[in-house]
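>>> Make a model of this:
(2 chains)
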Amino acid sequence: EDQVTQSPEALRLQEGESSSLNCSYTVSGLRGLFWYRQDPGKGPEFLFTLYSAGEEKEKERLKATLTKKESFLHITAPKPEDSATYLCAVSEGGADGLTFGKGTHLIIQP
Amino acid sequence: NAGVTQTPKFQVLKTGQSMTLQCAQDMNHNSMYWYRQDPGMGLRLIYYSASEGTTDKGEVPNGYNVSRLNKREFSLRLESAAPSQTSVYFCASSEGWGSRDTQYFGPGTRLTVL
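Okay, the predicted model is just below:
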């Protein structure tokens, strides 16, 4: 059973059409939830870290929220340059790395 | 600051050959990590180093070895490459060893094993 599940796997939107990406997790002791953006052929680029339920963070057209079982990445009035794969990852404790979801491939059409 | 750098960017190996992937960071971070990314799967942790002089296995360590050469550098070695090791390899670093620290990733090494 996957510990981190992202949905949808792929999403195609028109420019300006707002939507949300979901990341659900089943880890028992969440220490942090991380959102990254990955462009084709590049490494993941850090977007947000959320630590506790109820926390929200914003950056330009993106807003990340966290509950006890899931996180949402809301994208408002997206532009074509927002097209990328968005990765969610969780940390349970220690320095033993992050557990990643499979990502949501987002395409914004002009 | 260059952040996290990786060499080489691309590599093609034959089955049984060996190679070392290099990673360096200039952010004075204490912890470093190696992940692999395969189509249809999330990034998976291979090995990590919480601090200089220590290394530990991650989720998929078989077939790999690592060396934390100093605080800046963390290398990944494939002693006898197999086609199953065809993947994109990412190095990452974080300031502390705690689980709340953000990991910053390098650009990746794309490895094909024939």
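>>> What pLDDT is listed against the most centrally placed residue in chain B?
Nearest to the geometric centre of chain B sits residue B:34, at 2.8 Å (Cα atoms, centre = their mean). Predicted confidence (pLDDT) for residue B:34: 97.
>>> In which helix or strand does it reside?
Using DSSP states H and E, residue B:34 sits within strand B:31-37.
>>> Do you have the strands of chain A handy? List them.
With DSSP state E as the definition, chain A shows strands at residue ranges A:4-7, A:10-14, A:19-25, A:32-38, A:45-50, A:56-59, A:62-66, A:70-75, A:84-91, A:99-100, A:104-109.
>>> actually chain B, not the one I wrote
Secondary structure of chain B (DSSP E): strands located at B:4-7, B:10-13, B:19-25, B:31-37, B:44-49, B:56-57, B:64-68, B:74-78, B:87-94, B:104-105, B:109-113.
>>> what does chain A put close to chain B?
With Cβ under 8 Å from any Cβ of the partner chain as the criterion, chain A meets chain B at residues A:4, A:31-32, A:34, A:36, A:41-46, A:49, A:51, A:87, A:89, A:91-103. The way it works is simple: take the backbone N, C-alpha and C, and place the C-beta from them, glycine included.
>>> Weed out the non-buried ones from the residues you listed.
By neighbour count, with 16 or more other Cβ atoms under 10 Å in any protein chain shown, the residues of chain A next to chain B hold A:4, A:32, A:34, A:36, A:43-44, A:49, A:87, A:89, A:91-92, A:95-103 as buried.
>>> May I have the beta-bridge partners of the nearest residue to residue A:34 once chain neighbours are set aside?
With sequence-adjacent residues excluded and distances taken as Cβ to Cβ, 6 or more residues apart in numbering or on different chains, residue A:34 is closest to residue A:89, at 4.6 Å. Listed beta-bridge partners, residue A:89: residue A:34, residue A:100 (assigned using DSSP bridges).
>>> quick one: residue A:89 and residue A:98 touch, right?
Yes - Residue A:89 is within contact range of residue A:98, at 3.9 Å (criterion: Cβ atoms under 8 Å).
>>> intersection of neighbour lists for those two?
Common contacts of residue A:89 and residue A:98, defined by Cβ atoms under 8 Å, 6 or more residues apart in numbering or on different chains, comprise A:34, B:43.
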